[in-house]
Each structure stands twice: as C-alpha cells, then as structure tokens.
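Visitor: sharing a model prediction with you, sequence too.
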Amino acid sequence: MRVETLVDLFEYATQTHQKNNTFLTKRAGKYEPVSAEEVREEVHFVAAGLVSLGIQNNDRVGLLSENRPEWMVADFGILCAGAITVPLSPTLPFAQIRELLLDCEPRVLFVSNLKQLDNILSISSELPSLQKIILLENRAGLLHPVLSFNQLVASGAHFLQRNPGLVEEFHRQVQPNDIASIIYTSVATGIP
C-alpha cells in the first residue's frame, strides 16, 4: 500500500497494527479497550454518514470539542470523506468561536456537549452554510438540524451497506495536495 495521504496513513496504521487496545474509552464508569479494527470501522461509518448528508470533497466540517475518542474518529471520518476539518477550541470565548464559524462556513459542525449546542443554535440563522450539527454526547430526542454521534454512525453503517465500494472511493478521491485542516491561530491583537 502506498502511503501518500493522511487517509492512506490511517488505513495503513489500523491495518498493519491490529492492536486490541488502540485506545481506552470510558463506558459505564470503567475504561475499556477499543481495537484498531473498531476504530477503523467507526471512522468509515462517520465518513459514510457525512457523505450521506451531502458532504463532498473540500467541504469544511467544524469540530468544536475537547479531546475525546470521538474527536479523533470524527477528524479521520471527515478526512476520509474528502472534507476539510476545522478544529475549534472549546476554551475560546463564544464570540471568537462565532467569528471563526462565520469565516470558515462549515456545512456540518460536531459539538461535544449541550452547552455548545445551545450556543450554536443561538447563532444558526447567521450560518447559512450550516446544514447539520452532530452532538458527540449521546442524547435522545434531538430535533433537526441536530443528530447524535451515534445516529451519524448508524446512518453511515446503513449507507455503507447500500454502497459497498464507498470506502475505496474515499481513498481514490483524496489526493496528496488536498487541504486536510484549517487551523486558526490567535494573535494578541484580535480575532484569529
């Protein structure tokens, strides 16, 4: 396998290093191992879920979350779908997050919790490009335009069942010179 893109690197690493404990995640109050194969499969489901939502090459997808396993899965899912990850620090004041979202115009935005979701919904009318918000916390009863991460994963799994060659198509569409991420840096004098 030729490793020319971050997607290639992810596939190579998860196929070559078949670890049963790629990382640990807390479930029901205790840490449990997650295998490389589980991570790879979930990344593919997220990518397929994003494609099923209409995400295309070079679309921007925001990721407003603290460090957590879903962050990594979402990031690689975004890349595998051929989109551009726009990571946003949840420690920024919301006024700055708003400015960054207005600038990058994401079509989909991952948020980690209900507080962030409420903040984003309060400005959603200012974000005409934003079509879906994905809540990383597992919550029921979410209303349009919000999906839970688990709903996105499930819809991606279903989409892959109906489109079995989609993962290989992901690999063909992502090119070495594609933009992977737009990272905003801050300066002491104003908006990043």
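Guide: Great, that's in hand.
Visitor: where are the low-confidence patches of the protein?
Guide: Within the chain, the ranges that satisfy pLDDT under 70 run 186-192.
Visitor: what about the strands in it?
Guide: For the chain, strands defined by DSSP state E occupy the ranges 23-27, 30-34, 60-64, 84-88, 108-111, 132-135, 146-148.
Visitor: which residues in this structure form helices?
Guide: Taking DSSP state H to define them, one finds helices in the chain at 6-16, 36-52, 69-80, 94-104, 114-123, 149-162, 166-173.
Visitor: need those helices in TSV with mean neighbour count and distance to Ile182, can you?
Guide: No exception for glycine: its C-beta is placed from N, CA and C like everyone else's. TSV is the format used below for those (neighbours: other Cβ atoms under 10 Å; distance: least, Cβ to Cβ, whole Å):
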stretch	mean neighbour count	distance to Ile182
helix 6-16	16	14
helix 36-52	22	16
helix 69-80	23	11
helix 94-104	16	6
helix 114-123	16	18
helix 149-162	18	21
helix 166-173	14	19
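Visitor: closest one to Gly62 among those?
Guide: helix 94-104 (6.4 Å; Cβ to Cβ).
Visitor: OK, contacts around Ser155?
Guide: Remark: with contacts taken as Cβ atoms under 8 Å, 6 or more residues apart in numbering, Ser155 is in contact with 48-49, 52, 147.
Visitor: max pairwise distance over these: which two?
Guide: Greatest spacing in the contacts of Ser155, by Cβ to Cβ: Ala48 and Leu147 (13.6 Å).
Visitor: nearest to Ile183, of the helices of the chain?
Guide: Minimum separation from Ile183 across the helices of the chain (Cβ to Cβ) falls at helix 94-104, 10.4 Å.
Visitor: please state the offset of the closest one from the chain centre?
Guide: Its chain's C-alpha centre and that of helix 94-104 lie 18 Å apart, by Cα atoms, centre = their mean, to the nearest Å.
Visitor: over to stretch 60-69?
Guide: How far stretch 60-69 lies from its chain's middle: 6 Å, per Cα atoms, centre = their mean.
Visitor: contacts for it?
Guide: 23, 25, 34, 50, 55, 71, 74-75, 78, 81, 83-88, 90, 97, 101, 104-112, 116, 120, 136, 182.
Visitor: pretty sure Glu70 sits against Phe149.
Guide: Yes: taking Cβ atoms under 8 Å as the definition, Glu70 is a contact partner of Phe149 at 5.6 Å.
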